[in-house]
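Participant: Just to be clear, the model below is a prediction. Sequence and coordinates:
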Amino acid sequence: MSTRTVPTLAELRPAPKVLLHDHLDGGLRPATVAELAETTGYQGLPTSDPVELGRWFRDAADSGSLESYLETFAHTCGVMQTEEALVRVAAECAEDLAADGVVYAEVRYAPELFVERGLSLDAVIEAVQAGFTEGERRAAERGHRIRTGTLLCAMRQHARALQIAELAVRYRDAGVVGFDIAGPEAGFPPTRNLDAFEYLRTNNAHFTIHAGEAFGLASIWEAIQHCGAERLGHGVRIVDDVKVAADGQVQLGRLAAYVRDRRIPLEVCPSSNVQTGAAPSIAEHPIGLLARLRFRVTINTDNRLMSDCTLSSEFATLAETFGYGWADVQWFTINALKSAFIDFDERLDLINNVIKPWYAPRL
Ligand SMILES: O=c1[nH]cnc2c1ncn2[C@@H]1O[C@H](CO)[C@@H](O)[C@H]1O
Ligand SMILES: [Zn+2]
């Protein structure tokens, strides 16, 4: 039994973990970006040296605003315009997550960003699914069990959400487990896409919405009460509806109480939030308060390339900063599985047969 209360990065890597918020086009290996630029003839990269490229993505994303953070995706999307590239990126994504101890992952991407060279939306989705199947197979060969599902994103600034929602429903028995909207939040409220969310609800389909990252409570309120989001991507600005008095007394506003009472999952991405300015630092990140108040908090990577992180490193940083122990890591992990978009039976199987047995001797 471990006597250490705060697990280290090395101890966290083999721990079975669950990831609900990870962007396919934000998780490429730097060397793959460089190689794909070469083979596909993409000219726009700032450098072709993988080490410098990795550093460039992190520094450029470290920008203090969501809008400039998002500019870096022009390069990853730029090299993902062929079927071969999409298969490779998805396969490596599954392999990398599995090697980091992730046993269940929902990875999201916007199919509409990969049609610049003539691929159809269907071809994009099928290539990505083929890549994940291949990556799961390679991971299994190395003794890593990982189950992946994908979320299709619509970009808030384009007007294609209904079309993408229809694809999410059409491919739901072929690996797609849900839908999301991503991209700039300010000026693009969730209700712009109400038709897509109504279509999804009518079809009993799952969706989450990026809300409460670069914009505040109004965006969260719309996402939940007008659109019917099951989960919130980030959602950290919900703290603006929580008052902490000088004596430590906490008072939740109506929206914060609703989110907590209904157990609406928050897909929190600590490093990404510091880079976009949604949180001033890890130490001052709202996750400390939200987890203490027992909101249904989950821990996520958002963009492993831009934040130079893994799910294990996010956990290690939080454990170091907030003193989290194994019981906390298990709590976040079970929160994530309870909030996953796969069947109840599958979630329960992972909780009871994978997560609990591994953590039990460490609690
Ligand atoms: O934190 C985020 N907030 C909003 N949009 C994001 C974030 N991270 C990535 N994307 C956007 O989602 C698209 C599909 O994966 C990416 O191309 C990027 O533009
Ligand atoms: Zn995101």
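Facilitator: Cool, got the structure. Ligands and ions are numbered 1, 2, ... in the order given.
Participant: least trustworthy helix or strand in this protein by mean pLDDT?
Facilitator: helix 66-71 (a mean of 94; mean pLDDT, DSSP states H and E).
Participant: list the contacts for residue 325?
Facilitator: By C-beta atoms under 8 Å, 6 or more residues apart in numbering, the contact set of residue 325 is 5-7, 319. C-beta: built from backbone N, CA, C; applies to glycine.
Participant: Residue 16 versus that one, what's the distance?
Facilitator: To residue 16, residue 325 is 16 Å away according to C-beta to C-beta, to the nearest Å.
Participant: and if you look at residue 253?
Facilitator: 36 Å.
Participant: between these two, who's got more neighbours?
Facilitator: With neighbours defined as other C-beta atoms under 10 Å, residue 253 and residue 16 compare such that residue 16 has more, 21 against 14.
Participant: The nearest residue to that one once chain neighbours are set aside: which element?
Facilitator: Spatial nearest neighbour of residue 16, chain neighbours left out: residue 103 (4.5 Å); criterion: C-beta to C-beta, 6 or more residues apart in numbering. Element membership for residue 103 (DSSP states H and E) is strand 102-109.
Participant: List the pairing partners of that strand within its sheet, with orientation.
Facilitator: strand 17-23 (parallel), strand 147-155 (parallel) (DSSP bridges).
Participant: in the sheet, who's paired with the residue of the chain found nearest ligand 1?
Facilitator: Proximity of the chain to ligand 1 (C-beta to the nearest ligand atom) peaks at residue 182, 3.3 Å away. Here residue 182 sits in beta bridges with residue 155, going by DSSP bridges.
Participant: hang on, it packs against residue 153?
Facilitator: Yes - Residue 182 is within contact range of residue 153, at 4.4 Å (criterion: C-beta atoms under 8 Å).
Participant: which neighbours do those two share?
Facilitator: Joint contacts of residue 182 and residue 153 (C-beta under 8 Å, 6+ apart) are 23, 108, 110.
Participant: Setting aside sequence neighbours, what's the nearest residue to the second one?
Facilitator: The spatially closest residue to residue 108, leaving aside those adjacent along the chain, is residue 151, at 3.8 Å (C-beta to C-beta, 6+ apart).
Participant: Count the neighbours of the one you found for me.
Facilitator: Residue 151 has 26 nearby residues by other C-beta under 10 Å.
Participant: do the same with residue 128
Facilitator: 28.
Participant: Quick one: residues contacting it.
Facilitator: So residue 128 contacts 24, 86-87, 90, 109, 111, 150 (C-beta under 8 Å, 6+ apart).
Participant: SS state for it?
Facilitator: helix (DSSP: H, G, I helix; E, B strand; the rest coil).
Participant: Correct me if wrong: the residue nearest to residue 16 contacts residue 148.
Facilitator: No - in this structure, residue 103 is not within contact of residue 148 by C-beta under 8 Å, at 10.1 Å.
Participant: I'd guessed residue 304 sits against residue 310; true?
Facilitator: Yes - using C-beta under 8 Å, residue 304 is in contact with residue 310, at 6.2 Å.
Participant: okay, and the common contacts of these two?
Facilitator: residue 96.
Participant: Many thanks, we can stop here.
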